[in-house]
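In: Whatever this is, show me its structure:
(4 chains)
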4 protein chains.
Amino acid sequence: MNTFGTIFRLTTFGESHGTALGGIIDGCPAGLAIDYDLIDSELRRRREGDTPSPLTTARRETDRVEWLSGIFEGQTLGTPIAFTIHNDDCRSSDYSLLQHNCRPGHADYTYEQRYGRRDHRGGGRASGRETAARVVGGTIARTWLGQQGITIHTHHEGYLITCRIDGLPAGVGNPVFDRLNARLAYAALSIPSAVSFATGQEPDSWKLPGDAFPDQWIDHGEGPTLTKTNHCGGIQGGISNGMPVVFHVGFHPPVTQPHGMICRQNDGSLVNIVPHGRHDTDHSSRLPVIVESMAALTVADLLLNRHNS
Amino acid sequence: MNTFGTIFRLTTFGESHGTALGGIIDGCPAGLAIDYDLIDSELRRRREGDTPSPLTTARRETDRVEWLSGIFEGQTLGTPIAFTIHNDDCRSSDYSLLQHNCRPGHADYTYEQRYGRRDHRGGGRASGRETAARVVGGTIARTWLGQQGITIHTHHEGYLITCRIDGLPAGVGNPVFDRLNARLAYAALSIPSAVSFATGQEPDSWKLPGDAFPDQWIDHGEGPTLTKTNHCGGIQGGISNGMPVVFHVGFHPPVTQPHGMICRQNDGSLVNIVPHGRHDTDHSSRLPVIVESMAALTVADLLLNRHNS
Amino acid sequence: MNTFGTIFRLTTFGESHGTALGGIIDGCPAGLAIDYDLIDSELRRRREGDTPSPLTTARRETDRVEWLSGIFEGQTLGTPIAFTIHNDDCRSSDYSLLQHNCRPGHADYTYEQRYGRRDHRGGGRASGRETAARVVGGTIARTWLGQQGITIHTHHEGYLITCRIDGLPAGVGNPVFDRLNARLAYAALSIPSAVSFATGQEPDSWKLPGDAFPDQWIDHGEGPTLTKTNHCGGIQGGISNGMPVVFHVGFHPPVTQPHGMICRQNDGSLVNIVPHGRHDTDHSSRLPVIVESMAALTVADLLLNRHNS
Amino acid sequence: MNTFGTIFRLTTFGESHGTALGGIIDGCPAGLAIDYDLIDSELRRRREGDTPSPLTTARRETDRVEWLSGIFEGQTLGTPIAFTIHNDDCRSSDYSLLQHNCRPGHADYTYEQRYGRRDHRGGGRASGRETAARVVGGTIARTWLGQQGITIHTHHEGYLITCRIDGLPAGVGNPVFDRLNARLAYAALSIPSAVSFATGQEPDSWKLPGDAFPDQWIDHGEGPTLTKTNHCGGIQGGISNGMPVVFHVGFHPPVTQPHGMICRQNDGSLVNIVPHGRHDTDHSSRLPVIVESMAALTVADLLLNRHNS
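Out: Now for the predicted structure:
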């Protein structure tokens, strides 16, 4: 299931060191003007981070997007939008040491268990490089949301990204299972290295005292002025109430260790490997645009999903 | 979308003060013996809590399950299992004050925005009573998991429930979007009053130092002895690795206030209401069985979903 | 997968001689007034046929619908509508002869192969009685369609039912896979004993000469006056064009033979059985309302599904 | 919804005269060796027909498949298989006359109604060229089915294609809605210009007398020798019985008229157009491989879908 969403749907493909990665966006409304410059700049944010540092990845990714379908004279047709990003700078031989070894803290072992095989080069399908396709899809979703007056921003401290969605009307999301918060959690935890999710003004609202919790109504309030506080993060009973939607995503630090790592060989014995491949050493500045993209895909899908009201 | 799951699917229905609530379990493997006593005792855990106290709900719920289909001579047929739980003790008149008023911290306002109407009696569809159907479905899932050697336990401190799944084989879950952790997060955040989710030994692993994070392999380890630590909570790259799966769910405290609450009237003005209806004043002891039920539904679905390995 | 539809969704349950059959309608728009009398009269059409005859089923089915949820003060809430129809007149002992024998022309053998077991009483889940739940769901869909000016009628000659949908606007359906005609075919072939499906004015349009086929435009035509002929049955490229949608469904004659049938025993040997159970001997007059119900469910779902236009 | 299937899923993209068409195959079992030569020869069957004639399309399609992901050292990884076929020979200027005109018997008008716009060049997304992606996906499905001993063949007379699936085990398909025959009908009617579908030995079995219908068991028969006749086309109650699965698909003749066609202009008035573009004048010899591909996709998906037995 490499598909995200039910109406505004992104299906992605691609191994880190295969020919290309990319995706198909199905269900995007017709008549949307594609902002190619915005997509390029968002891909640059993903590639280099919001605050580029010498610690970010040494791999030179150019991320040139090739558009294959679904756009005619600059606007979406309503048909599937397919795009590819070719993998230009692949020195796969760097990874031959990892062919029969599973790194700690990576998906090598579990992919072997799931499929009986894997593309060992650079993490294959499990590489963070896969998130480039999410950024392309998410930016198109975001462009459409912008037309409805909905904007998405993040700020991050340490490895906690806080995301805020402004302008979302009341009534988006579903009761019971398919709640707006449940969908955002699903989106957030699908990001590589995500470990936690929380809704509300503060990431630890389960520690609040009971009488502090209910957000009190503002007299004749509506939309962004509905309640005095926003402990519920703009979501009541799984459905948006018109206040800003606020959630937090925690990530673990990157796990590739430049000075070697104890890998598991096929027979279960261990071996120390010092990888020659390039790899992320600090991904935190790259995470915001990915969180924003997943939020955009989630909200666009649910906004198109209000059939029975 | 009142359906949870893709193969082992639970569809639920029911308003708190309607005729009945219940559900249809579709995709349950054939030949499973139904443990009616276990279902009754799990419903009692949901109703009265693991540690009953005078603070738990005053509503006398009997939760007698009526089975309508899908079971023949005590075993599942592979066809849909339908069940109902009638609402016996409904004094709906208690709720007439809430007909035109939206409580703070509840779903009244958002349901109005979503559907243009709601059943105001006792929260309607948004009532916590809806979780009874989850417990029935989850317990059947759990019975089937038990046959595969998979067990689920929780413990809770304050409003944080920690859930542990033992015996899950390596290779369960999907890469990229439909990860085991993303699915568990979706399940957890669909529980009424859930505010946060985290995977791993500790609920705040985003605060760990980078070098502490990667779980180191045990020499010739496998299954529950695969790694020395379990920071990843038994999940690598979205797929189980054979270690116990561990996750945490945070809940906000209950919001019904016995001494009155400022409600929002249809015209936006505010009014103080002292509800006569019965209501939960401490739900924490009732949450464990709901978390366990949602975990069981999630894992059963993904376990049946390993087609292409 | 006992669910039909993606937005307007009907999930059904029930064995012929179990406690009850019924279903859950999820995704029905809120605020629809339920026409209980219409539902009863449509169930009577299903039960007794449009032209009752002494040949129709001897089983006395009363089909009293119990409504469990999703309706408040006579109108839909937008939440799941659950309903049951209890099986009152079940003389299961009539069927004991069939416990270890598979009838010819029935689903006994294939259910055994699929699930390793079956409820042998009266066909179990495979009984035509299951269609009662479709008629309930279909009639609610039809009520909603009626509000949009869309009506559905059938006429039948021998075992061919021709169905005509009037008032469907242009632009309903999807290109490529999920075409209006493909969905209607899926709906039609899901009806017990259906053997064929065709779109267009005539059921055999593949025999038409090529130059006769393209329906010619009417000058300034629109909606039901768009084209001079209707060979395409109101569907071009999988999408409605505003003309009446016309399709045909062929059924095989009923297969229960009152004078005995050669059944297959578990060990593969054959035995002649004369059933004592009641059974349909001519179902043709009961089919129209089932075809109409499935058409209504299909069209309502696709009409709610035009998000990205 | 440009996705076909639920587990073995093909998502396609591409306009006839855009940059490329192609697709993503998700859910294909890992470890399958890709037969590139077979894919090329099946694409040639689609392009030139089984019996090439001077009447088939004048467009020179080379259909060179580029593989982007999901295959490693010649075998599938279990991850998404993406492929593209570039559109080399596009003289789009040929089609400028059709920019503001809708042809009779085509999807021009309905796409306009559905999306408010279309790519008018060569039919855009509605072009038969889109079926190339189905043949790629279908041939991979067929390769996997071949490993399970399942083969698919067609023969055609006039515009009726009869398809036969041999080797399918008993127990494939689902009861009630998601029947094997309903799925095959959905698949068949999704093919451009398909107008009818029927199961069984003969395409008109609704005309058979009632006593002829039930297929009689063979003593100790099993698999392909289960019954004496095959009126039910290998499907009972929506589930395969082990006999060959037989169905028929009727197509209308091609509608492009070389001597001009009366088109509908945007304002509803009519105009005669003589198209310069290349176009199919007889597609019948190209249909068999498309029917076989859709049958393969359908059967592979259902075969991977037998979870709960």
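In: Check the burial of residue A:223 by counting its neighbours.
Out: Other residues lying near residue A:223 total 14 when counted by other CB atoms under 10 Å in any protein chain shown. Any C-beta I mention is one placed from the backbone N, CA and C, and that applies to glycine too.
In: which SSE is the residue lying farthest from the centre of chain A in?
Out: Centroid-distance maximum for chain A: residue A:219 at 37.3 Å, with CA atoms, centre = their mean. Following DSSP states H and E, one finds residue A:219 outside all helices and strands.
In: Tell me the pLDDT of residue A:105.
Out: Per-residue confidence at residue A:105 stands at 90 (pLDDT).
In: quick revisit: leaving out sequence neighbours, find the closest residue to the residue farthest from the centre of chain A.
Out: Spatial nearest neighbour of residue A:219, chain neighbours left out: residue B:270 (5.3 Å); criterion: CB to CB, 6 or more residues apart in numbering or on different chains.
In: Am I right that the one you found is in contact with residue B:264?
Out: Yes. Residue B:270 lies in contact with residue B:264 (CB atoms under 8 Å); the separation is 6.1 Å.
In: more neighbours, the two?
Out: Under the neighbour definition other CB under 10 Å, residue B:270 and residue B:264 were set side by side, and residue B:264 has more, 26 against 17.
In: Around chain D, which positions in the stretch 51-200 of chain A sit nearby?
Out: Counting by CB under 8 Å from any CB of the partner chain, the residues of the stretch 51-200 of chain A close to chain D are A:66-70, A:72, A:75, A:77-82, A:84, A:114-119, A:124-125.
In: Would you mind listing which of those residues are buried?
Out: Buried members of those, scored by 16 or more other CB atoms under 10 Å in any protein chain shown, are A:67-70, A:72, A:77-82, A:84, A:114-115, A:117-119, A:124-125.
In: Those residues also near chain B: which ones?
Out: Restricting these to those near chain B by CB under 8 Å from any CB leaves A:114, A:115, A:125.
In: Using TSV, lay out the residues you listed together with pLDDT.
Out: Listed next are those as TSV, based on pLDDT from 0 to 100:
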residue	pLDDT
A:114	93
A:115	93
A:125	92
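In: right, and out of those, which lies closest to residue D:175?
Out: Residue D:175 has its nearest neighbour among these in residue A:114, at 30.4 Å by CB to CB.
In: need the contact list for that closest one.
Out: Residues in contact with residue A:114 (CB atoms under 8 Å, 6 or more residues apart in numbering or on different chains) are B:170, B:171, B:172, B:173, B:174, B:175, B:239, B:306, B:309, D:78.
In: Now do the first one, the pLDDT please.
Out: Predicted confidence (pLDDT) for residue B:170: 97.
In: Likewise for the fourth one?
Out: Among the per-residue scores, residue B:173 shows a pLDDT of 96.
In: any idea how far chain C is from the residue lying closest to it once chain neighbours are set aside?
Out: Among residues not flanking residue B:173 along the chain, residue B:180 sits closest, at 3.1 Å (CB to CB, 6+ apart). According to CB to the nearest CB, to the nearest Å, residue B:180 and chain C sit 23 Å apart.
In: Repeat that for residue A:266.
Out: Distance of residue A:266 to chain C, given as CB to the nearest CB: 37 Å.
In: Residue A:68 contacts residue A:82, doesn't it?
Out: Yes. Assessed by CB under 8 Å, residue A:68 is found in contact with residue A:82 at 4.1 Å.
In: Mind listing the shared neighbours of those two?
Out: By CB under 8 Å, 6+ apart, residue A:68 and residue A:82 have these common neighbours: D:13, D:14, D:20, D:22, D:84.
In: Need phi/psi at the residue of the stretch 51-200 of chain A found nearest chain B.
Out: Going by CB to the nearest CB, chain B is nearest to residue A:107 of the stretch 51-200 of chain A, at 2.3 Å. The phi and psi values for residue A:107, taken as degrees, to the nearest 10, are phi -100, psi 10.
In: ok, now which ones touch it?
Out: With CB under 8 Å, 6+ apart, residue A:107 has these contacts: A:123, A:126, B:175, B:236, B:237, B:238, B:239.
In: Could you list the low-pLDDT ranges of the stretch 151-300 of chain A?
Out: Residues of the stretch 151-300 of chain A meeting the criterion pLDDT under 70: A:255-258, A:275-282.
In: so where do the helices sit in it?
Out: Along the stretch 151-300 of chain A, counting by DSSP state H, counting those that start in this stretch, helices occupy A:180-189, A:287-303.
In: Give me whichever of those helices is most buried.
Out: Highest mean neighbour count of the helices of the stretch 151-300 of chain A: helix A:180-189, a mean of 29 (counted as mean count of other CB atoms under 10 Å in any protein chain shown).
In: In terms of secondary structure, what does that helix contact?
Out: strand A:194-199, strand A:245-251, helix A:287-303, helix B:180-189, strand B:194-199 (3 or more CB pairs under 8 Å, 6 or more residues apart in numbering or on different chains; DSSP states H and E).
In: What count of nearby residues applies to residue A:209?
Out: Look at residue A:209: counted by other CB under 10 Å, it has 7 neighbours.
In: ok, the closest residue to it other than its chain neighbours - contacts?
Out: Nearest residue to residue A:209, sequence neighbours excluded (CB to CB, 6+ apart): residue B:253, at 7.2 Å. Contacts for residue B:253 (CB under 8 Å, 6+ apart) come out as A:208, A:209, A:210, A:213, B:159, B:282, B:284.
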